[in-house]
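# when you get a sec, could you give me coordinates for this:
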Amino acid sequence: MAEGHIITVIGGKGGVGKSQVAANLAFAFTQETRGKSLLLDFDQKASGDQNLITGIKTKKNLKDLLSFGGSLDPRSMSQFLNPHPAGVSYIGLPNDPVATEGIDGDAAGKMLKAVTSMFPVTIIDAGNELTPLATKALEFSTLILVVVTPDLLAINQTKRLVSELTTMMFPKEMIHYVFNQAQKGLPITPDVAGKTLGRPVLSSVLKDEQTCARALNARKPAILVEKNSPFSKGVIELTRKIVQKNILRSLAKLAKPTNVGTSKSGPVDAKTGNAWRDLKVRIHKGLVEEMDLNKEDDNDPKAKIILREKTKKLVVDLLGKEDTKSVLNGRDDMNRIVKEILDEALGLGPLEDLLADKTVSEVMVVGPDKIYYEQSGKIKKSEIIFTHDRQVLNVIERIVAPIGRRIDEKTPYVDARLHDGSRVHAIIPPSAIDGCCITIRKFPEERLTYKDLVKFGSVTQNMADFLRIAVEAHRNIIVSGGTGSGKTTLINILGGFIQANERIITCEDSAELNFPQDHIVRLETRPPSLEGDGEIDIRCLVKQCLRMRPDRIVVGECRGGETLDMLQAMGTGHDGSLTTVHSNNPKECIGRIETLVQYAGAGLTPKAIREMIASAVHMIIQQSRLDDGSRKVTHITEIGGIQGEVVTLQDIFLFVQKGIDKTGKIQGEFQATGFIPKFVETLEKKGYNVPRGLFSNAPAATGGGTPPPAAAKKPMPPGKVPPGKRPARPPGKKPPGKG
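I've put the predicted structure just below:
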């Protein structure tokens, strides 16, 4: 079936009869084309009027349809369609205007796209205001019919309406006029109206109050009450002109604007249309011609301020030469567009505000029209967009240039960082099909500590104390977790436990680690040059740092052959080293490390690799991001050695999920397994006092630890022993908590 067309009927003011024209036009199309048509009521201010004009009783209305969560196809749509014997299907609004508030314009767009595949013609009564719902109808329309009457006020308001439509970049060719309630002898004729409006009237409909009143009383469209009445003849003549002149087919080729509405609750605004965007493009082009925006010195804050002020003055001057009355509606709009142009010219454009928002943890750009961000663990879509794809590429180049990275068609991806340490990944066409993509992982301005993790519920106080002991005891630790689970944050906190008198060397693809110690050496990889040489990878950096007398080696992430070098360093005198690996649990982490070691091409057997892992790595910490967006340490596991060909693992702490509450938040608790790590006894022999209470589920443990079943019973008085029991202590073991 060929794609159908949508005709939106709209009025410049109330009382011009556009609802009558719209309803009868739908019935006229079924008669003239002998096909189906659909009538939609989008007039929120006069909701329920079409129910009276057509006489169609509605079971479900437009609000029910737009709140429907399933896919829209002829079968699912049938439950919302209210058929008329004359071949017209109808979907109306609720009779109560209050119930029509807050109708989702985006859902309406999804519905309109579906109906064009089901009906050859859809007629929409859009009212006389450019609400978000009406604007969405216009976006999907092939033809806009503006109903005007022989009235100076109506013509004046129609001119205002059409001016707004052209400001929103709707082509003038798709806007046609219907001269309703025409009478002989009046000074305002169709010709006069056409000259005033700047376009000839498409068709005239004679005034016929008697037929319209009779039809309304009969709850039937006028065209069914009296087909030969003046009003009916006028509507039929309009329909024939549209059909015979192939107006719909010719207008379907026009380019129409998209996303011209603002938020679901606010009025339509030109800012979100192409007029606002085009104005910014012209001003930016003028900026490039007038001054060199690349002279900015990233290391000189004063130079930045001077350049921004100079650029701001030029932007204001350029805006003064433009006709901005139809786009800018006051001082607030002027300030906003100046800020947006400055952000695009000197900063990161639409991303500036998101990056400045401390509650936003991640920003994701998918082409110029889609910007998503993560807030409180949930991903949301921003209403702000880029002007065009070139602007996204400009932002990427502005990010990578100061750190000596490059991105082009030969190497269409890059890892970089912002001046505040936030991690950036970018990929551009031809690899990115839908336009340039940017992913920015923000880091908090203040360094997080273990106290913050306890506060957030990511670990208990006992777990945090144990991790401090493990780091101070020079345990080799691997932080395992998925993407975005918080591995880098956790390894930053673990690094804060390292003693200040030790020399730390970090190796990263893009420098993210930020330890508080003074004696730290930070190494970063480098991509190859344009000639294809000069590349420095992680494996090279790990080899170099072995010659730099490190006390601790920290590798940001092991994802290749450098894993073998890291294991060798851990097993040959560099205890206390840290790294991260992508995996879902400690058991998978072992297999992942084994696979990564094979990337080095050393030809080691699987058993030899496992023996190396068992001897070099002491602990695995599993960091996970749960379904509710929270991040928790779900496993702290000790590697106990190797038995046969299997690396043995022993969990020390676990997070046990219990369920999900009504708000979708995961409920659970941290539990100690009761296993005491082997290295604790070694530390105690050296004189360290390690409280054994860390490894019990004492009720006082922060984070919701659960006491053993015995602890739930009524406690015995001091000095008493239960009947038939005697206090026992394993041979050679000290009482818990007695270091």
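
# tell me where the stretch 101-250 of the chain has helices.
105-115, 132-139, 152-167, 190-197, 209-217, 222-225, 230-244, 247-251 (DSSP state H, counting those that start in this stretch).

# which strand residues bridge the residue nearest the centre of the chain?
Centroid-nearest residue in the chain: Y372, 2.4 Å away (criterion: CA atoms, centre = their mean). With beta bridges defined as DSSP bridges, Y372 has these partners: M364, K381.

# isn't it up against S382?
Yes: between Y372 and S382 a contact is recorded at 6.8 Å, counting by CB atoms under 8 Å. Heads up, the C-betas are built off the backbone N, CA and C, glycines and all.

# after the helix or strand of the chain with the lowest mean pLDDT comes which helix or strand?
The least trusted helix or strand in the chain, going by mean pLDDT, DSSP states H and E, turns out to be helix 274-290, with a mean of 73. Going down the chain from helix 274-290, the next helix or strand is helix 301-320, by DSSP states H and E.

# what pLDDT, on average, does that following helix get?
Taken as a whole, helix 301-320 has a mean pLDDT of 79.

# how about low-confidence regions in the stretch 501-650 of the chain?
530-532 (pLDDT under 70).

# can you pull out the strands in it?
Per DSSP state E, counting those that start in this stretch, the stretch 501-650 of the chain carries strands over the ranges 504-508, 520-524, 552-555, 578-582, 619-625, 631-643, 646-660.

# quick check: K63 is in a helix.
Yes: the assignment for K63 by DSSP: H, G, I helix; E, B strand; the rest coil puts it in a helix.

# so which of the strands of the stretch 501-650 of the chain comes closest to D96?
The closest approach between D96 and any of the strands of the stretch 501-650 of the chain, judged by CB to CB, belongs to strand 646-660 at 36.2 Å.

# what packs against that closest one?
helix 461-472, helix 586-598, helix 606-616, strand 631-643, strand 666-672 (3 or more CB pairs under 8 Å, 6 or more residues apart in numbering; DSSP states H and E).

# is it possible to get a markdown table of these that adds distance to V16 and mean neighbour count?
Shown next, in a markdown table, are these (distance: least, CB to CB, whole Å; neighbours: other CB atoms under 10 Å):
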| stretch | distance to V16 | mean neighbour count |
| --- | --- | --- |
| helix 461-472 | 71 | 21 |
| helix 586-598 | 69 | 20 |
| helix 606-616 | 80 | 18 |
| strand 631-643 | 59 | 20 |
| strand 666-672 | 57 | 19 |
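
# out of those, which is closest to K253?
It's strand 631-643; of the helices and strands packed on strand 646-660, that one is closest to K253 (CB to CB) at 51.5 Å.

# what angle separates that closest one from helix 586-598?
70 degrees (axes from the mean of the first three to the mean of the last three CA atoms, to 10 degrees).

# who does strand 631-643 pair up with?
Strand 631-643 has these strand partners (DSSP bridges): strand 619-625 (antiparallel), strand 646-660 (antiparallel).

# quick check: mean pLDDT of stretch 18-33?
Rounded mean pLDDT across stretch 18-33 is 93.

# so how far is it from its chain's centroid?
Here stretch 18-33 is found 42 Å from its chain centre; the criterion is CA atoms, centre = their mean, to the nearest Å.

# neighbouring contacts of stretch 88-99?
Residues from elsewhere that reach stretch 88-99 (CB atoms under 8 Å, 6 or more residues apart in numbering): 26-27, 30, 36-48, 50-51, 54, 56, 58, 61-63, 65, 80-84, 100, 119.

# how long is that stretch end to end?
One end of stretch 88-99 to the other measures 25 Å (CA to CA, to the nearest Å).

# tell me which residues in it are buried?
Burial within stretch 88-99, assessed by neighbour count using 16 or more other CB atoms under 10 Å, is assigned to V88, S89, Y90, I91, G92, L93, P94.

# contacting residues for A134?
A134 neighbours (CB under 8 Å, 6+ apart): T8, I10, F42, D43, A126, G127, V268.

# distance check, it against K159.
Computed with CB to CB, to the nearest Å, the distance linking A134 and K159 is 18 Å.

# from L567, how far off is the closest residue to P528 other than its chain neighbours?
Residue nearest to P528 in three dimensions, not counting chain neighbours: E535, with 4.0 Å by CB to CB, 6 or more residues apart in numbering. Between E535 and L567 the computed distance is 23 Å (CB to CB).

# more neighbours, the two?
The neighbour comparison of E535 against L567 (other CB atoms under 10 Å) goes to L567, with 25 against 11.
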